[in-house]
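A.B. asks: sequence and predicted structure, then a few things I'm wondering about:
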Amino acid sequence: MVYSRVPSLLVAAAAILAGAPAEPAAAQSSAPAEVTVTASRAELAPRVSKFVNQIAARQNDEGLPRWQDPVCPLITGLPRQEGEFTLGRISQIATAAKVPLAAEHCRPNLFIFVTTQPTQLLQAMADQKRIVTFGDATPTVVDEFIKTPRPVRVWYDTSMRTPEGTPPKQGLPSAAQVLGGSALPGPPVYNDMDRTSHILLSKIWSFSYVFVIVDQARLQAVSRGQFADYVAMVGLADIKPGVHLGDAQTILKLFDGAPQAAPDGLSDWDQAFLKSLYATEQVSRTQRNEVANSIVRDVVRK
């Protein structure tokens, strides 16, 4: 089944890709608590910084890509109730993180395909809709992406923009980063460098569309909440593939072992990551550090 917030014609087209003030004495007794908070922050900071640098992909060593255009998800391959639940959960997570979200009857740009034959589906997409799906990616990059067996494979197509949302002075074809594949070789070249500095970038990267290909066979022990939150995480942020996350608290570990050992949904770290990704300045060269610092503040505050 196909579920989305789009008209049936667009669905059919997409389906082919299938208290009181404290007393003085109380103030004195609060000092140890402050020490505890400080210690917790000091312990968390390096762990969170490692987590962010592990998962947050950058386009050509520049800023972190994110949605600038409103997100319009479409999902196929799930029963109606599960499909609607997943779409609703993605919308909730996007709203909480202040990700732009499209209204109903929108044009889909976040495609989620659940299938028993992920490799065959990807090959069909490459054979029949290569330009639409993979843009200007080289055959080597596309073939590697298709042949890499993962529970979930994500293809991100991104475009370069100025901070104001306009194209650069010299138009370039879109570039792609893939979850389960390799980045396109070589950085882009453009001539609008007047605002670039050691602190700020003159360009940002925006998702044009995202394809999430899910191997249905790997979902048997996964709850629908875990699945929906995992898809939201990889669909709203450009996540690096194949990283070893160790003791990081994240839904991204869902397929690293038994699903029962993974979080039930987005962790505090995950929620804070998405929130800070969309709150920090994309033009800042220190954006990943700012994201990490924001996560620490949010987690310690809870």
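C.D. replies: Cool, the structure landed.
A.B. asks: residues near Pro151, how many?
C.D. replies: Pro151 is flanked by 18 other residues according to other Cβ atoms under 10 Å. C-beta: built from backbone N, CA, C; applies to glycine.
A.B. asks: do the same with the one 4 residues further on
C.D. replies: By the other Cβ under 10 Å criterion, the neighbourhood of Trp155 contains 26 residues.
A.B. asks: which residues in the stretch 101-250 of the chain form helices?
C.D. replies: Here the stretch 101-250 of the chain has its helices, by DSSP state H, counting those that start in this stretch, at 118-134, 139-147, 224-236.
A.B. asks: right, so those helices: which one is the most enclosed?
C.D. replies: Greatest average neighbour count among the helices of the stretch 101-250 of the chain goes to helix 224-236 (a mean of 24), per mean count of other Cβ atoms under 10 Å.
A.B. asks: so which of the helices of the stretch 101-250 of the chain is nearest Leu78?
C.D. replies: Leu78 sits nearest to helix 224-236 of all the helices of the stretch 101-250 of the chain, at 8.7 Å, using Cβ to Cβ.
A.B. asks: hey, C-alpha coordinates of the closest one in CSV?
C.D. replies: Once non-C-alpha atoms are left out, helix 224-236 reads as follows in CSV (Å, rounded to 0.1, in the frame of the first residue of the first chain):
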residue,chain,number,x,y,z
ARG,A,224,6.6,0.4,14.7
GLY,A,225,7.7,3.1,17.0
GLN,A,226,11.4,2.2,16.6
PHE,A,227,11.0,2.0,12.9
ALA,A,228,9.2,5.3,12.5
ASP,A,229,11.7,7.2,14.7
TYR,A,230,14.7,5.6,12.9
VAL,A,231,13.3,6.7,9.5
ALA,A,232,12.6,10.2,10.8
MET,A,233,16.2,10.5,12.0
VAL,A,234,17.8,9.4,8.7
GLY,A,235,15.2,11.3,6.7
LEU,A,236,15.6,14.6,8.4
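A.B. asks: who touches that helix?
C.D. replies: Here helix 224-236 makes contact (Cβ atoms under 8 Å, 6 or more residues apart in numbering) with 66-67, 71, 73, 82, 85-86, 89-90, 93-94, 97, 99, 110, 112, 152, 154, 179, 210, 212, 214, 219, 239, 250-252, 254, 259, 262-266, 270, 274.
A.B. asks: ok, then the element right after that helix?
C.D. replies: Where DSSP states H and E defines the elements, the next helix or strand beyond helix 224-236 is helix 268-277.
A.B. asks: between the helices of the stretch 101-250 of the chain, which one is nearest to Glu43?
C.D. replies: Set against Glu43 and scored by Cβ to Cβ, the helices of the stretch 101-250 of the chain come closest in helix 224-236, at 24.1 Å.
A.B. asks: now do that closest one against helix 268-277, angle only.
C.D. replies: In terms of direction (axes from the mean of the first three to the mean of the last three Cα atoms, to 10 degrees), helix 224-236 departs from helix 268-277 by 30 degrees.
A.B. asks: from here on, call the first residue 41.
C.D. replies: Taking 41 as the first residue, the last one we looked at is helix 264-276.
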